[in-house]
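# fold the following and give me the result.
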Amino acid sequence: MSHRPIILGIVGDSAAGKTTLTKGIAQILGEENVTVIGTDDYHRYDRQQRAEIGITALHPDCNYLDIMQQHLALLRSGQPILKPIYSHKTGTFDPPQYIKPNQFVVVEGLLGYSTPALRDCYDIKVYLAPPESLRHAWKIKRDTLKRGYTEAQVLAELEKREPDSDKFIRPQRQWADLVVSFYPPSGELDESLLNVRLVLRPTISHPDLIQVVDKDNSDPQPTIRLNLDRDMGKPVDVLEVDSHATSDRIQVLERMICADMPDLHHVCDRDINPNLGNITGTTGEILTSYPLALTQLLITYYMLKATQSH
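Down below sits the predicted model:
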């Protein structure tokens, strides 16, 4: 490998949308070019042991952070790892898997930024921060449909996990280069109607987005907004995109991002990449979310930019 892999971190609480975002980015970059690592595989205890001990999967002591750190450092240098495998379906561990890093490595999970050494392994760090009401709805839906829980069990688990979420998960937001918050515009939970709020920290270089904001001051509710704000006490730029922004407005933003990164031309061509921003609706239909598409595109932009700087 002539260049070391580019490593993207996607951290957030359980059911914050990490896997959905990871899959979309892998599709854009080409799944053959992306190695995906889920840090839940580094749990120290299986589901039954956690229940017996009285510890949650969100607690650092419930995870082999040292081995995770060692493996990320190896992947960053282009070396293979023998990765543990945790099965969410059974709550137990499967045999380990031999993993060789591709050009891009996406590391998604709960505690990826919890130590300085872990944070040093990433080129780009993303934190997902949906409103808690939305995250709870996503967790209930996922865990009842895919992991065999009842709704009552999920609600009880959320309550049990809350202290660890507050102590160990949410503070990691401060280390992210990009904070992504999908949220419903009017209290609805329809996934096809979510707006997005992107906190752009000055820790990485961002595309020049000032020209894409709505310039018609007569519009009291512009659909694309770029403002200065503060996040966790520090100055940031904030880009907001509404779900009902027109395709013309969105295409202006997409073209601007792509013009700053020629390698993205294949991404911006929807004929070549028809999956950009696609999600599955509640009845199984395929829908396109412009806020999701722009988030995927922006993160891909950062990853390709990183290939030029190392």
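
# all strands of the stretch 201-310 of the chain, in order?
224-231, 234-241, 278-280, 286-288 (DSSP state E, counting those that start in this stretch).

# residue 204 is nearest to which of the ones you listed?
strand 234-241 (11.7 Å; CB to CB). Placement of C-beta: from N, CA and C, glycine included.

# domains for this structure, by residue range?
As assigned by automatic domain parsing, the chain contains the domains 1-176, 180-310.

# just how off-centre is the longest one within its chain?
The one in question is domain 1-176. 10 Å (CA atoms, centre = their mean, to the nearest Å).

# pLDDT weak spots in the stretch 101-250 of the chain?
187-192, 211-220 (pLDDT under 70).

# do that again at 90, thanks
142-143, 145-149, 185-193, 206-224, 243-250 (pLDDT under 90).

# for the domains of the chain, give me JSON lines that also has mean neighbour count.
Formatted as JSON lines, those follow (neighbours: other CB atoms under 10 Å):
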{"stretch": "domain 1-176", "mean neighbour count": "18"}
{"stretch": "domain 180-310", "mean neighbour count": "16"}
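
# thinking again about what came up before, in CSV, list the strands of the stretch 201-310 of the chain along with distance to residue 177.
Output for the strands of the stretch 201-310 of the chain, formatted as CSV (distance: least, CB to CB, whole Å):
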stretch, distance to residue 177
strand 224-231, 12
strand 234-241, 10
strand 278-280, 24
strand 286-288, 26
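
# relative to residue 149, which of those is closest?
Nearest to residue 149, of the strands of the stretch 201-310 of the chain and by CB to CB, is strand 278-280 at 20.5 Å.

# and of the strands of the stretch 201-310 of the chain, who's closest to residue 38?
The minimum distance between residue 38 and the strands of the stretch 201-310 of the chain falls on strand 278-280, with 20.1 Å, by CB to CB.

# give me the nearest residue to residue 158, chain neighbours excluded.
residue 136 (6.0 Å; CB to CB, 6 or more residues apart in numbering).

# so which strand or helix has that neighbour?
In the assignment (DSSP states H and E), residue 136 maps to helix 132-146.

# now do that helix: everything it contacts.
Here helix 132-146 makes contact (CB atoms under 8 Å, 6 or more residues apart in numbering) with 13-17, 88-89, 130, 149-151, 153-155, 157-158, 182-184, 189, 194.

# pLDDT score for the residue lying closest to residue 68 once chain neighbours are set aside?
Once flanking residues are discounted, residue 68 sits nearest to residue 42: 4.5 Å by CB to CB, 6+ apart. The model reports residue 42 with a pLDDT of 98.

# how near is residue 42 to residue 57?
Using CB to CB, to the nearest Å, one gets 10 Å for the distance from residue 42 to residue 57.

# check residue 293 too.
31 Å.

# downstream of whichever strand or helix holds residue 158, the next helix or strand is which one?
Per DSSP H and E, residue 158 falls inside helix 151-164. Next helix or strand after helix 151-164 toward the C-terminus (DSSP H and E): strand 178-183.

# now that next one, how far from the centre of its chain.
Counting by CA atoms, centre = their mean, strand 178-183 comes out at 9 Å from the chain centroid.

# who does that strand pair with, and is each partner parallel or antiparallel?
If you go by DSSP bridges, strand 178-183 pairs up with strand 124-128 (parallel), strand 195-200 (antiparallel).

# switch those strands over to CSV; also include distance to residue 95.
CSV is the format used below for these (distance: least, CB to CB, whole Å):
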stretch, distance to residue 95
strand 124-128, 30
strand 195-200, 39
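
# for residue 285, which of these is the nearest?
strand 195-200 (20.6 Å).

# angle of the helix holding residue 158 against helix 132-146?
130 degrees (axes from the mean of the first three to the mean of the last three CA atoms, to 10 degrees).

# rewinding a little: between the strands of the stretch 201-310 of the chain, which one is closest to residue 203.
Here strand 234-241 is closest among these (CB to CB), at 9.8 Å.

# would you mind measuring the gap between the ends of stretch 74-84?
Taking CA to CA, to the nearest Å as the measure, stretch 74-84 stretches 15 Å from start to finish.

# residues making contact with it?
Counting by CB under 8 Å, 6+ apart, 1, 4-5, 7, 35, 37, 41-42, 64, 67, 71, 93, 96-101, 105, 121 sit against stretch 74-84.

# circling back: do I have it right that the residue nearest to residue 68 meets residue 70?
No: the pair residue 42 / residue 70 is not scored as a contact, 10.3 Å apart, by CB atoms under 8 Å.

# if we can go back for a sec, of all the strands paired with strand 178-183, which one is nearest residue 163?
Per CB to CB, nearest to residue 163 of the strands paired with strand 178-183: strand 124-128, 19.5 Å.

# keeping just the C-alphas, turn that closest one into CSV.
Only the C-alpha atoms of strand 124-128 are listed here, as CSV (Å, rounded to 0.1, in the frame of the first residue of the first chain):
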residue,chain,number,x,y,z
ILE,A,124,-11.8,12.8,10.5
LYS,A,125,-14.0,12.5,13.6
VAL,A,126,-17.8,12.7,13.3
TYR,A,127,-20.2,12.7,16.2
LEU,A,128,-23.9,11.9,15.8
